[in-house]
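Participant: predicted model and sequence below, questions to follow.
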Amino acid sequence: MPVSKKIQGMLSRSSWIRKMFEEGLLLRQKLGPENVFDFSLGNPNVPPPIEFDSALRDVAGQTLPGQHGYMPNAGYPETREAIAGYLGRKFKVPLTFEHIIMTCGAAGALNVTMKTILDPGDEVIIPTPYFVEYGFYVDNAGGVARLVPTKEDFGLDLEAIRSAFTERTRAVLINSPNNPTGRVYDAETIRGLAAILEEKERLYNRAVYLVSDEPYNEIVYDGVELPSIMEFCRNSIIAYSYSKCLSVPGERIGYLALHPELAELKDVLGGMIFCNRILGFINAPALMQRVISRIQGVQVNVGEYQWKRDLLCEGLRSCGYTFAKPEGTFYLFVRSPVDDDVAYVRALQKRGILTTPGVGFGGPGYFRIAYCVDDATIRNALPGFAETMMESGG
Ligand code: PLP
């Protein structure tokens with residue numbers, strides 16, 4: 001087999017999300033598309049804002065010299081400047097264009113980060129449940145993921161994180177609002193986490209970074225406050241993506257923002273720009289950089305997701321499902337009525353309902369519903385959710 005043993009192993013363990021998505025395609029053929037309710041993939045269904053469409057039209061209509069050419073690996077200075085201005089005002093941190101590196105989404109940003117900061121064997125603490133791709137990103141850079149369970153309510157367990165540190169810990173990787181739980185970490189939690197990082201930096205006499213993966217930043221509900229990581233932690237790196245806030249995941253556009261007082265700032269920036277190149281990204285897509293520099297602060301209508309969340313939560317609660325109501329994202333992490341979440345997901349699948357087992361996020365005993373779907377999909381799936389619950393005896 002020409003595929004390496006390592007990749008073969010990863011493939012067999014790899015993403016449940018993709019697996020369910022692909023099985024859904026087959027199920028559509030078998031049951032008919034109208035009888036399949038696909039909650040497997042976080043592919044936003046709320047349309048991009050009109051500001052995005054008109055900026056795209058403007059930019060596409062321009063002819064500038066060299067507009068399709070190579071550029072600095074960090075991206076266009078004007079785009080970075082626009083982002084730095086927007087974030088600086090939002091986070092009250094003196095950011096300049098030099099602190100921003102344009103990337104191919106958050107996935108690109110995280111791979112660049114890990115490649116830059118990890119020596120082989122360095123450890124990254126990751127609270128679970130988590131976005132499973134993190135494990136692969138850390139491994140891509142020769143690092144080791146140290147998985148640390150969150151508390152019952154999916155809040156960070158700061159004591160468990162403190163205990164997971166070793167002299168090889170280089171970063172803590174968090175994601176709030178969280179995929180898959182929808183949980184938002186409050187200011188007190190971030191302050192506590194930042195204090196642990198400082199304590200461990202002193203103890204081991206080396207930089208430890210708080211890497212904050214923030215593709216769902218704008219998708220928060222009920223006026224929940226999302227604290228700024230940079231306000232609390234000097235050694236913070238933000239990995240951002242426009243995929244979800246603009247509903248454009250296929251366009252692969254995001255950035256890295258580094259705190260102006262980050263340890264070894266210049267070296268880390270230089271390393272990241274180099275890694276953007278050698279990982280094969282070279283630079284983030286030129287057209288998209290020009291588009292997003294015009295629409296900082298623009299986002300999809302989050303009210304539509306909140307409506308879907310409420311529709312789903314009320315519907316599932318009335319059939320007896322239990323869960324913590326998400327504060328953000330477009331995911332609901334539901335307790336499986338039977339211990340075996342894979343078996344339960346298979347039972348739902350028999351009724352045409354595609355979800356993802358919690359085990360695929362390091363959170364067994366739950367399953368994830370991505371509710372970035374039409375309202376009709378939610379409504380029409382509810383009888384199947386109710387029947388599966390009754391059948392399970394839950
Ligand atoms: N991080 C989290 C938590 C995600 O859910 C996703 C995508 O779903 C990503 C990173 C990757 O984002 P992108 O595809 O925009 O790079």
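Facilitator: In hand now; what should we look at? Please read these numbers as outputs of a predicted model, since none were measured by experiment.

Participant: helices or strands up against the one helix or strand Ile273 maps to?
Facilitator: Here Ile273 sits within helix 265-278, counting by DSSP states H and E. If you count contacts as 3 or more Cβ pairs under 8 Å, 6 or more residues apart in numbering; DSSP states H and E, helix 265-278 packs onto strand 100-103, helix 105-117, strand 254-258. In this view, the C-beta of every residue, glycine as well, is placed from N, C-alpha and C.

Participant: do it and the ligand come into contact?
Facilitator: No: counting by Cβ under 6 Å from any ligand atom, the ligand is not contacted by helix 265-278; separation bottoms out at 13.6 Å.

Participant: what do you get for stretch 112-124?
Facilitator: No: judged by Cβ under 6 Å from any ligand atom, stretch 112-124 and the ligand are separated, with a smallest distance of 11.4 Å.

Participant: endpoints of that stretch, how far apart?
Facilitator: 14 Å (Cα to Cα, to the nearest Å).

Participant: avg pLDDT for it?
Facilitator: The average pLDDT for stretch 112-124 rounds to 98.

Participant: would you mark the buried spots in that stretch?
Facilitator: For stretch 112-124, a neighbour-count test (16 or more other Cβ atoms under 10 Å) marks 112-118, 122-124 as buried.

Participant: how about these, which pair is most distant?
Facilitator: Greatest spacing in the buried residues of stretch 112-124, by Cβ to Cβ: Val112 and Glu123 (18.6 Å).

Participant: any idea how far the worst-scoring helix or strand of the chain on mean pLDDT is from the chain center?
Facilitator: For the chain, using mean pLDDT, DSSP states H and E, the weakest element among its helices and strands is helix 16-31, scoring a mean of 80. Here helix 16-31 is found 22 Å from its chain centre; the criterion is Cα atoms, centre = their mean, to the nearest Å.

Participant: quick one: secondary structure of Val211?
Facilitator: Under DSSP: H, G, I helix; E, B strand; the rest coil, Val211 falls in the strand class.

Participant: who's in contact with the closest residue to the ligand within the stretch 251-394 of the chain?
Facilitator: Nearest residue of the stretch 251-394 of the chain to the ligand, counting by Cβ to the nearest ligand atom: Gly254, 5.8 Å away. Contact partners of Gly254, counting by Cβ atoms under 8 Å, 6 or more residues apart in numbering, are 102-106, 108-109, 215, 239-243, 284.

Participant: mind running it again at 7 Å?
Facilitator: Taking Cβ atoms under 7 Å, 6 or more residues apart in numbering, we find Gly254 in contact with 103, 105-106, 108-109, 240-242.

Participant: out of those, who's nearest Pro260?
Facilitator: Closest approach to Pro260 among the contacts of Gly254 (Cβ to Cβ): Tyr240, at 16.6 Å.

Participant: so what's that closest one bridging to?
Facilitator: Tyr255 (DSSP bridges).

Participant: the ligand contacts on this protein?
Facilitator: By Cβ under 6 Å from any ligand atom, the residues of the chain that approach the ligand are 42, 105-107, 131, 175, 179, 213, 215, 241, 243, 249, 254.

Participant: from these, which two are the most distant?
Facilitator: That would be Asn175 and Pro249, which, of those, are the farthest apart (Cβ to Cβ) at 16.0 Å.

Participant: more crowded one of these two?
Facilitator: Of the pair Asn175 and Pro249, Asn175 is the one with more neighbours under other Cβ atoms under 10 Å, namely 25 against 19.

Participant: pretty sure that one is touching Asp213, no?
Facilitator: Yes: applying Cβ atoms under 7 Å as the test, Asn175 and Asp213 come out as touching, 4.3 Å apart.

Participant: which residues touch the helix holding Ile273?
Facilitator: Residues from elsewhere that reach helix 265-278 (Cβ under 7 Å, 6+ apart): 73-74, 98, 101, 103, 112-113, 115-117, 256, 258, 262, 283.

Participant: show me where the stretch 151-300 of the chain has helices.
Facilitator: In the stretch 151-300 of the chain, the helices defined using DSSP state H, counting those that start in this stretch lie at 158-164, 187-204, 229-232, 265-278, 286-292.

Participant: can you name the residue of the stretch 51-200 of the chain nearest the ligand?
Facilitator: Nearest residue of the stretch 51-200 of the chain to the ligand (Cβ to the nearest ligand atom) works out as Gly105 at 2.5 Å.

Participant: quick check, that residue in contact with Ala239.
Facilitator: No: between Gly105 and Ala239 there is no contact, the gap being 8.9 Å when judged by Cβ under 7 Å.

Participant: parallel or antiparallel, list what pairs with the host helix or strand of Val148.
Facilitator: With secondary structure defined by DSSP H and E, Val148 is part of strand 144-149. Within its sheet, strand 144-149 is paired with strand 123-128 (parallel), according to DSSP bridges.
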